[in-house]
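Student: Structure for this input, please:
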Amino acid sequence: MSFINPKYNFNNHALKVGTDCSGIETILIAMKMLNINYIHKWSCDSDKKVKALIMKYHKPELFFDDIFKRDHSQLPDIDLY
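Tutor: Next comes the predicted model:
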């Protein structure tokens, strides 16, 4: 499920985005095509080939290999999940 933080101000700000089970980052591709300004805060996927693709084309600030082993309390704030 995706949602936008109801407190988000759309006036000249970039959406902060985090994804789990990230795959090919379809949401980021769509946002690029729609010229939506965003900051890619994190991705998470257990597949090594997927990680290589994400790191090459999307360059998140953080990458997690395992959703179950990360400290969720340390995730940065985001606007879109």
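
Student: which residue ranges form the helices in the protein?
Tutor: Shown for the chain, the helices assigned by DSSP state H span residues 26-33, 48-57.

Student: quick one, what contacts the residue most central in space within the chain?
Tutor: Nearest to the mean C-alpha position of the chain, counting by Cα atoms, centre = their mean, stands residue 18 at 2.8 Å. By Cβ atoms under 8 Å, 6 or more residues apart in numbering, the contact set of residue 18 is 41, 42, 43, 75, 76, 78, 80, 81. To be clear about C-beta, it is placed using only N, CA and C from the backbone, and glycine gets the same treatment.

Student: Can you redo those as a markdown table, where the extra columns are distance to residue 26 and neighbour count?
Tutor: Formatted as a markdown table, those follow (distance: Cβ to Cβ, whole Å; neighbours: other Cβ atoms under 10 Å):
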| residue | distance to residue 26 | neighbour count |
| --- | --- | --- |
| 41 | 17 | 20 |
| 42 | 16 | 20 |
| 43 | 12 | 25 |
| 75 | 21 | 16 |
| 76 | 21 | 11 |
| 78 | 17 | 17 |
| 80 | 13 | 18 |
| 81 | 14 | 17 |
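
Student: mean pLDDT for the helices of the chain: which is lowest?
Tutor: Of all the helices of the chain, the minimum mean pLDDT falls on helix 26-33 (a mean of 93).

Student: for the chain, what's the longest strand?
Tutor: Using DSSP state E, we find that the single longest strand of the chain is strand 38-44.

Student: what about it, average pLDDT?
Tutor: Throughout strand 38-44, pLDDT has a mean value of 97.

Student: Name every strand pairing with it and say which way it goes.
Tutor: Strand 38-44 has its sheet partners listed here by DSSP bridges as strand 15-18 (parallel), strand 62-64 (parallel).

Student: Pull out the CA atoms of it and give them to me as CSV.
Tutor: What follows is strand 38-44 as a C-alpha-only set of coordinates in CSV (Å, rounded to 0.1, in the frame of the first residue of the first chain):
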residue,chain,number,x,y,z
TYR,A,38,11.6,13.2,-4.9
ILE,A,39,14.5,12.2,-2.6
HIS,A,40,15.1,8.4,-2.5
LYS,A,41,15.6,7.8,1.2
TRP,A,42,15.8,4.0,1.2
SER,A,43,15.2,0.7,-0.6
CYS,A,44,15.0,-2.8,0.7
